[in-house]
Structure formats: C-alpha cells, structure tokens
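Participant: What shape does this take:
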Amino acid sequence: MRSYRFTQVDVFAEAPFAGNPLAVFTDAAGLTDREMQAVALEMNLSETTFVETPRGVGAGRGDVRVRIFTPLSELPFAGHPSVGTACEVVRLGMVATVAPVTTVVLELGVGLTPVDVEVRDGVPVAATVHQGPPRFGAEIPVGEAARVLGLAVEQVGAAASSAGDPRLLPQVVGTGLEYAVIPLRDTDVLARVQLDMERLPGFEHAYAEVYPFAFTGADRPWIEARGLFPFEGIPEDPATGSAAGPLAAYLAAAGLLPSGETRVVLQGRHVGRPSHLSVSVRGAAAAPDDVLVGGGVVPMLSGELRL
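Facilitator: As a prediction, this is how the structure comes out:
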C-alpha cells in the first residue's frame, strides 16, 4: 500500500470556511497521471495540486513542478492552486524562507510562474501570483453574451464605476487561460444569471468560459464576479484567480485600473464561500507587462491518501 500526505487550505480567504478550498499533495512521486486525475475526482474540489521534483534545467528550472487537476481534467495554469501550493511549499520548508516575502517559482504547464509568498513570524499567510502580460482577444456581441447568461440585452455591457465611466463591452482576455469577461449592469443582475446550457457549449467554443462581473458601488470590494464552469465539473467556483487576472487586464485597458493600484474582487458569495482576490497590473495600462492576483491562505486540515 502506498501512502501520500496532503493538506487542504482555503485560498483567497480572510477566515476559515471561506475562499476556495485546495488539496495539495506535496510529494506526488510515484503517482501516475491517471491516478492524479482519480484523486482529484475523489477530493471533489475545484482543483487539486500535485508537487513533483522540478524538471527544468538552468534558467528554466523552478523550485518545484506542480500539476493542477480539476475533477475532470488537467489544467496548465490556475490561480488559487498556484497561490495555495506556493504557501504550502514555504510552510513545509521546501524552499528557503525569506521574510517578509519568499518568491517561489513553480513549473506549471504554461511555464515558469513566480509566486510571492507573504511571511509573518515565519509563517506564510498570503501569496500573489504573477500571471505575465495579458492577451486581448475577440470582442463578444452583447446579444450573444446576454443569451448565454439568460439575461436581457440591456442588462449586459452597461457596467459603470462610481466615477461614471463609459459603457463596457464583453471581450475575451487571457493570462494563462482565456475567459469571456462580461460586464453586467449591477450586482442584482449578476445574481440573476442563469446559464443557457444549450447555448453554452457553442459560446465557449467560439469565445471562452464565461466570467461575468459588476461594479459593487463600494471601494472594497470594488468588483463582484462569478465563475461558472459546469463543463469542468464546477457549477460555480468560489474564487478563480486565472479569471480575475484577465478581468484586471480588461479594466486596466479600459482606463479603470491604473498601474500599481490594487483593487479587490469579491467572488463566491452565491455559494457561501466569500473570496477576496486582490488584483493589480504593472506597466502601461493598455498593454501591461504583468498581471498580479493574490490573497490570503488559511490552512484547514491534513490527511493521508492510501492506494
């Protein structure tokens, strides 16, 4: 019988039982790809990570290699798994701890990904993942976005901040993974989203997975968003760092998020897991050099898997 230790943490959380739960297997040596996928399904969380010995050489070598699995498939990148796994790597002493920030370089499917881990009194408490420069894709017709979300046309693309910014339109944006960033009129409309499951496959094939958002009208959180990914086995994700990054780039390109300014995105309220994702960009707003997404990490439990 083989034994594998794991820990579970709440990511983008400010308290226990909030944020997005993540299972981290910090020594996955000996697990096959098929077994990793089966374990992720068994854990039944939005993602499970498996830490392996890095494979890179020289400048292409990270501190650890990380595999990320949803219950149904492997991902080349994801936000909350990167943040949570980096904190666990530091907590377990797998890299040398440096206060107040320890940078961990993860070997992911998208390549080397640095994560800055905040350390207090020798303990990792939060982390920020560098998602690199964004890619701006196709604009999405408002009617198509409205229909797939089960909304009226006038409820989509009318988001405005408290400063009275101009009308925003849906667009595909990516930082590792691509998402259909869809602005909505307000958070009441966001709460009424009902995916049209017949239209959704065609929409995702043409554009990307949907990530609707609305301004809250408050300073913190500034934005509320929802991650709706039923075809990944995740009806609603409590927090989606890989989508919050594209959202930050989208807002920066619209002139709403100045370089170096940090704002907070709320997600998960509708599934009882309030999550707070800090987002910012570096470089020119219209074409950022880097997009950053971070938040708190709360250790919750540990266990042992036996195969």
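Participant: Which parts of this protein belong to which domain?
Facilitator: 3-131+296-306, 135-288 (automatic domain parsing).
Participant: for the stretch 101-250 of the chain, what are the low-confidence residue spans?
Facilitator: 158-166 (pLDDT under 70).
Participant: the strands in the stretch 101-250 of the chain, which residues?
Facilitator: In the stretch 101-250 of the chain, the segments counted as strands under DSSP state E, counting those that start in this stretch are 101-108, 111-120, 123-130, 135-139, 171-174, 178-183, 209-215, 223-225, 227-229, 234-237.
Participant: now the nearest residue to P16 once chain neighbours are set aside: how far from A18?
Facilitator: Leaving aside its chain neighbours, P16 sits nearest to V298 (5.4 Å; criterion: C-beta to C-beta, 6 or more residues apart in numbering). In short, each C-beta sits where N, CA and C put it, glycine included. Per C-beta to C-beta, to the nearest Å, V298 is found 8 Å from A18.
Participant: Need the overlap of contacts for these two.
Facilitator: D10 (C-beta atoms under 8 Å, 6 or more residues apart in numbering).
Participant: sorry, back to before: between the strands of the stretch 101-250 of the chain, which one is nearest to L41?
Facilitator: L41 sits nearest to strand 234-237 of all these, at 12.2 Å, using C-beta to C-beta.
Participant: quick revisit: and the domains of the chain as a markdown table, adding mean neighbour count?
Facilitator: A markdown table is the format used below for these (neighbours: other C-beta atoms under 10 Å):
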| stretch | mean neighbour count |
| --- | --- |
| domain 3-131+296-306 | 19 |
| domain 135-288 | 20 |
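Participant: Just grab the bridge partners of P212 for me.
Facilitator: I182 (DSSP bridges).
Participant: Now do the same contact list for it.
Facilitator: 149, 182-184, 190, 193, 225-226, 228 are the contacts of P212 under C-beta under 8 Å, 6+ apart.
Participant: Name the helix or strand for L45, please.
Facilitator: Per DSSP states H and E, L45 falls between elements, in no helix or strand.
Participant: contacting residues for the closest residue in space to it that isn't next to it in sequence?
Facilitator: Distance criterion C-beta to C-beta, 6+ apart; nearest residue to L45, sequence neighbours excluded, is P21 at 5.1 Å. When contacts are counted by C-beta under 8 Å, 6+ apart, P21 touches 8-11, 45-46, 238, 273, 300.
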